[in-house]
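J.: Have a look at this prediction, sequence included:
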Amino acid sequence: MEIVYSISAFGILFSMMLALIRAAQGPTVFDRILAVNMFGTMTVLFIGVVGYLTNRPDFLDIALVYALMNFIAIIAVLRYRDFSVDPAEEAENHEHS
Amino acid sequence: MIIHGITIILFLFLYVIAIVIGRSRNLFAAVMLSGIFSLISACLFVIMDAVDVAFTEAAVGAGVSTVLMMIVLNLTSDRESPPVQPKVFPLLVALLTGGVLIYATKDMPAFGDPEALIHQSQTTNHYLWHSFEESHIPNVVTTVLASYRGYDTLGETTVVFTAAVAVMLLLGHVRESETPPKLINDPIALVGAKMLIPYILLFALYVQFHGDFGPGGGFQAGVMFAAAFVLHGMVLSPKHTLKAAPALIIEKLVALGVLLYAAVGIYCLFKGGNFLEYDVLLSHGEKPNPHGQHIGILLVEAGVGLTVFAAMLTLFYKFALRGKA
Amino acid sequence: MMILLPILIPLCTALLIQVLGRIASDNVRDGAHTLMAIVNFYFVLQIVPLVLNGERPEFFIAEMLPGAPIYFQVEPLGMLFALVASGLWIPTSVYAFGYMRGHHEKNQTRFFTCFALAIGFAIGVAFSGNLITLFAFYEALTFSTFPLVTHHQDADAKRSGRIYIGILVSTSVCLLLSGVLSVWYLTGTMDFTLGGIIAGKVDDPFIVSVLLALFAFGTAKAALVPFHKWLPNAMVAPTPVSALLHAVAVVKAGVFTILKVSIYIFGFELLSSVNDWLMAIAAITILFSSCVALTLDNLKARLAYSTISQLAYIVLGAAMANPIAAMGAALHIVMHAVGKITLFFCAGAIFVGAHKKYVSQMDGLGHKMPWTMAAFTLASFSIIGLPPFGGVWSKWYLCLGALEAGQVIYLVTYMLSSLLSIGYLMPIVARAYFRKPSEHDEEHVHEAPWMCVLPLCITAVGSVLLFFFASPIRELLLPIFEGGVQ
Amino acid sequence: MSNIIEHLPVLQIVVPLVAAPTIVLFRNSTLSWILAVLASWFCLFGSITMLNQINGGGEIPTYLIGGWDPHVGIVYQVDIANAFILTLLSGISAVVFVYARTSVRDEIPEAKHHYFYAALLLCFTGLMGMAITGDAFNIFVFLEISSLSGYALIAMGRNPKALTAAYRYLIMGTLGGTFILLGIGFLYMMTGTLNLEELSHAVPHYAETSVVRAAFAFITVGTCIKLALFPLHMWLPNCYTYAPSVVSAFLSATATKVSFYVLLRAMFMLFGAALIAQAKIFLSFVIFLALIGIFMGSLKAIGQDDVKRLLAYSSIAQIGYMVLGLSLDNADGLTGAIIHLFNHALTKGGLFLVMGCFMYRLNSTKIKDLAGIGKKMPLTMLAFTIGGLSLIGVPLTAGFISKWYLAMGALQAGMWWLLVLILLASLLAVVYIFRVLEAAYFGTPEKEHDVEEAPFSLLFPTYVLIGSTIFFGIWTEPMLGAARKSAELFLSSGGAL
């Protein structure tokens, strides 16, 4: 079983990396939000897998918290982000940095 | 071996994110990335088996921090003004600190080395071998936190209280914003949140009391509790939440939590023990007294939970109810 | 406790003046001041018989530093200085009363407060039982006289105040304190002991020389060249202050310190091995400042330089490291104090009565202000060292001391300096008596108020009396110089 | 609670710690003030009791918090150094808190009074906690409490710049705190204990390891940031200048002092006196920094227009003196450092209280606004004068005693040149104090303002502190004795090598 968990762990890490790149690059706000949300989901999975990999199934408790917190954080982003800014302008701003 | 590989990759992630955050002038991106940073470090804590820490990191770092940062960004601007001059000095400090840290690793005992003094010391041995007989609590972390070093935890609770006082001092009374925050007219979010909130509360209670057996305890539970209210405030509006949990009462709860903790300690004094000596609770003088320990830990954890919950919620109120400058 | 009174009374007087200055009339305040001065002198006199009997009354206040307490002990030298300070406080207080009123000075309450404080601290210096106490009161004296120097609060006063505090504090902190610290470090004690405490503990002549330099130059109140500049600058102060500074409290505290240190810290034996350069510097100071005094037209400035030169007499006497010279030095503290305070009183009286402060304006004053000028003449003779005035005794001993030390050159210095002092004092007398006053003076030149004139007459008479009654002072001092003075 | 004396060590912390939330609970300005004052007076009573007991040759039994053994739990082992610093802290607070009533009413909006007092008490608690504890991590916890509340308190200044100042302090302070935490972590990693007593025995055995060295570096730099040793002082002037008067007085008299105490304890007791003595190069480097701090601080102070800022720069110089005394590594120097800590706290606290009086009446502490104030507020100005003299180190004031010991320390170390530098530096103090005095007594005000003497409620506490600088300059025995004993304790401590 361990090999399966290992492969999935690395698979998750790989997709985390992809999400990371998107979050770092943007260019629009939506890219980042989605990337973060996805990253959160990946983390939940990852912790679950690591829990089984190291024979600590109680890690699932933590995974649960992550899922919840991820949800709340994304709600916050959506709630408090002023989306009236034109996404294209946002992208342009990013270029300058 | 696999774990090592995973650890290295995660550290690489951390490294990359730190650099990206440092270079970014876009504060929104920085907040998002710091959320990710926090998640990854929580993963690392999990791998290092510091589960309670990972728990807190996830709840505070990734969850509540992001929420608060977003609210603050809402009050200010998205973009950091460009620095006046290149910040060479901070870079030097960072490099120097890093250098010293790397230097320190030279003689550092390997991670998890059973021969290392830290694992051989009297202190660790006592924690590992005697904590159960003394308190009947399987989770050593909880015993250390709430009993052996319960005084530190009282201090940490006071830190949370101090933070709340500091924010209240600086931001003053809850002031209604001129433009009332708009309601989200999104039925999905509303229904989803409403369905979720009771479970979050339930889960928070579980975390609070499950701390004796697994990762959890007052700090994490307090954050979870607050998270439920924050969610409520976000999908409806903070004013709705104010009706359910008036700011004044919440502010008093911050103080009450600390007082509860300290009161347990002082009660021990009156029972003839030392400060925070739970052994004298529910007892006639026998030692060890697991029942006393148990009730003591339960009470102080409740105090911690109360303070953390109320402090978090207060922070949310203070920021969320503020008008945009 | 009794020896504490002379220190406490002036301090309480300061407080009293502050209170009275707010609630009572000026006359009450100044009356109280004079009264307290008399009371204080009475208590100082009470101590004299004890000291004459060979007792050394002492009082211990507090262990400020372990082994270095704040502690008072009255020995003959200090007794003498205290007598001078408290005795001259009485005429000065009366004089200040008249002068300040006659001159319509502002801030009189502050003036009298600081005045009383300065007297208290000067007596504190006199009664100090160890170096640290002496240093403490020495510094206190500096700070308490600062408001007096800057009394007029104008730009001139500010500038002089800066020089005053700058020189006095920087030398005392950098040099004197270093000296005190070093003595403590090298010997482990700071108590004044006859025969010195350094002797036997430090042999290296270089270190002893350095220590001596620290004390000699650190005590800038003694106004050795090159740290004498503050003294002429402090002349901007009202004249009673000049009298206090230059005759009684401040400068005498300086030379007193040097004398005391040379007797009780170094001891003559040790001192005589390293004293060459100090004697030279003192001699240079004497001649240099006398010459400067010759050239000055401003009366107070001339007197100031005369003071510098006379102070160096005392330093030279102390530096010669033999009992006779030291006796001369101690006597000179008294003689010069009485003489010089008279001169300053006169200068002030001339300023109040005739509004003149330059020597060149004083033609014919002797006829308009007979009392003042008579006193001036007597005091000048005393300073020059003519019999039958007190000044002759101190010069006599100083010259004998120079011979005793085998330093004929310094005997010559004393002689030369006496000639120079004739040169800078006598022309004033001559102008006053033998020249015709300029016409427009006629109307508004008159004798100063009696409260100014009375004190200066008293002190002038005092300088005559001291010639005849010098032996009690000698008796008082003898125990220190056992065997040395016949 | 059969015997309150027995529990005194922990009550020193618990009483103010409980008072703070109680204040928040009741939300009443007057009540808050009363509680704060009572708590600080209780602490003063407690610390004096302990100091007396130890000074009298007695011992305070080790207090086991939670009843756990030292290697398991947290203990309070009050020795002479603890008791000394506790007395200072609670003494200063007992005075400053009384003073706070009038000043706070003037400077802080009514609705925030209870938070303000709570934060003040928390800051006090944190500092007391750092001073008394016998546990390394516990130091950090209380450091956090005192720092957090300190930032907020500073930010309460009326000038908007107070916020920026507090923010800078927050950044620097957090950096310092993090360094201290890292250092403590490293020590724990190598030794497996957090108890200071045990650490002091264990650490010298690992003195040669890179971990302990890194820990040493982190803890030293961390405390030096909190201490504002040159060149880590940048945060200090603005904080002291813009903070509310009470906060300036309180923090200047306590915060840096506690940091210095922690530095002392860390250097001598954690890493061992023997280890320090070996690190000659390190010590010379510290002497160098301290001297630059002294001269830079004094020279900068001379050029300031605002008296509060002037005092802040003077604080940097005084910190230099303390660190200098420490790095001389001999009994007199160390005694000087410790007694200077005490004396400077009294002096600077008193002077900042005077500044509070000016703020109350003039709304400014600029030198040009103080012109001629000596006439209008004679008592306040007299207090400043006395405090200034003590700052200079004039004999019969407390400042002299410390300068004396520092100078003796320099002599003992055989450094004559250092003696000269120390004395020269005091002259700089003369210059900056006299600048203020000259303006206040001889200056003519630009516009005739109608100012009265400061109210009694401000003057009385001010005079208590200012008066104590004279008291402790003459009757030095109790405090000097404690300082000497502390110095001996520090020098003799550190496990066998």
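T.: Structure received. Numbering: from 1, shown residues only, chains lettered A, B, ... in the order given.

J.: In the chain, where is pLDDT below threshold?
T.: This is for chain A. Along chain A, the model assigns pLDDT under 70 to residues A:82-97.

J.: wrong chain, I was asking about chain D
T.: In the predicted model of chain D, residues D:1-2, D:273-278, D:448-449, D:494-497 satisfy pLDDT under 70.

J.: Contacts only, for whichever residue of it sits closest to chain B.
T.: The minimum distance from chain D to chain B, using C-beta to the nearest C-beta, falls at D:Gly192 (2.7 Å). C-betas here are computed from N, CA, C, even on glycine. Residues near D:Gly192 by C-beta atoms under 8 Å, 6 or more residues apart in numbering or on different chains: B:116-124, D:202.

J.: and if you look at A:Leu68?
T.: Residues near A:Leu68 by C-beta under 8 Å, 6+ apart: B:63, B:196, B:200, B:203, B:224, B:227.

J.: what separates the second one from B:Ala189, distance-wise?
T.: So that's B:Leu196. Remark: distance between B:Leu196 and B:Ala189 (C-beta to C-beta, to the nearest Å) = 10 Å.

J.: need the helices for the stretch 351-486 of chain C, in chain order.
T.: C:365-368, C:370-384, C:391-404, C:408-434, C:450-468, C:470-477 (DSSP state H, counting those that start in this stretch).

J.: Which strand or helix spans the residue in the stretch 251-400 of chain D positioned nearest to chain C?
T.: Going by C-beta to the nearest C-beta, chain C is nearest to D:Pro395 of the stretch 251-400 of chain D, at 3.4 Å. For D:Pro395, there is no helix or strand it lies in under DSSP states H and E.

J.: Do I have it right that it meets C:Ile132?
T.: Yes: at 7.2 Å, D:Pro395 counts as touching C:Ile132 under the criterion of C-beta atoms under 8 Å.

J.: CSV please, covering the helices of the stretch 351-486 of chain C and showing mean neighbour count, distance to C:Asp156 and mean pLDDT.
T.: Listed next are these as CSV, based on neighbours: other C-beta atoms under 10 Å in any protein chain shown; distance: least, C-beta to C-beta, whole Å; pLDDT from 0 to 100:
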stretch, mean neighbour count, distance to C:Asp156, mean pLDDT
helix C:365-368, 20, 26, 79
helix C:370-384, 24, 26, 88
helix C:391-404, 23, 33, 87
helix C:408-434, 18, 24, 88
helix C:450-468, 21, 23, 85
helix C:470-477, 16, 39, 83
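
J.: JSON lines for these, including distance to chain A?
T.: Converted to JSON lines, those look like this (distance: least, C-beta to the nearest C-beta, whole Å):
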{"stretch": "helix C:365-368", "distance to chain A": "89"}
{"stretch": "helix C:370-384", "distance to chain A": "86"}
{"stretch": "helix C:391-404", "distance to chain A": "88"}
{"stretch": "helix C:408-434", "distance to chain A": "84"}
{"stretch": "helix C:450-468", "distance to chain A": "84"}
{"stretch": "helix C:470-477", "distance to chain A": "89"}
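
J.: just the strands in chain A please.
T.: Read by DSSP state E, chain A holds no strands at all.

J.: residue nearest the centroid of it?
T.: A:Phe39 (1.2 Å; C-alpha atoms, centre = their mean).

J.: ok, which stretches of the stretch 151-300 of chain B are helices?
T.: Assignment of helices within the stretch 151-300 of chain B using DSSP H, counting those that start in this stretch yields the ranges B:187-210, B:218-235, B:238-244, B:247-270, B:290-320.

J.: Please identify the deepest-packed of the ones you listed.
T.: Comparing the helices of the stretch 151-300 of chain B by mean neighbour count (mean count of other C-beta atoms under 10 Å in any protein chain shown), helix B:218-235 ranks first with a mean of 27.

J.: Return that one as PDB; C-alpha atoms alone will do.
T.: Only the C-alpha atoms of helix B:218-235 are listed here, as PDB (Å, rounded to 0.1, in the frame of the first residue of the first chain):
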ATOM      1  CA  GLY B 218      -8.300  25.700  23.900                       C
ATOM      2  CA  PHE B 219      -6.300  27.600  21.300                       C
ATOM      3  CA  GLN B 220      -7.500  25.700  18.300                       C
ATOM      4  CA  ALA B 221     -11.000  25.400  19.500                       C
ATOM      5  CA  GLY B 222     -11.200  29.100  20.300                       C
ATOM      6  CA  VAL B 223     -10.200  29.800  16.800                       C
ATOM      7  CA  MET B 224     -12.700  27.400  15.300                       C
ATOM      8  CA  PHE B 225     -15.400  28.900  17.400                       C
ATOM      9  CA  ALA B 226     -14.500  32.400  16.200                       C
ATOM     10  CA  ALA B 227     -14.300  31.100  12.700                       C
ATOM     11  CA  ALA B 228     -17.900  30.100  12.800                       C
ATOM     12  CA  PHE B 229     -19.000  33.500  13.900                       C
ATOM     13  CA  VAL B 230     -16.700  35.100  11.300                       C
ATOM     14  CA  LEU B 231     -18.300  33.000   8.600                       C
ATOM     15  CA  HIS B 232     -21.600  34.200   9.800                       C
ATOM     16  CA  GLY B 233     -20.500  37.800   9.700                       C
ATOM     17  CA  MET B 234     -19.200  37.400   6.300                       C
ATOM     18  CA  VAL B 235     -22.000  35.800   4.500                       C
END
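
J.: any weak-confidence spans in chain C?
T.: Residues of chain C that meet the cut-off, pLDDT under 70, sit at C:439-444, C:482-486.

J.: Need the single longest strand in it, by residues.
T.: Chain C, longest strand under DSSP E: strand C:58-65.

J.: which strands and helices sit next to it?
T.: strand C:68-73, helix D:398-412, helix D:456-474, helix D:477-492 (3 or more C-beta pairs under 8 Å, 6 or more residues apart in numbering or on different chains; DSSP states H and E).
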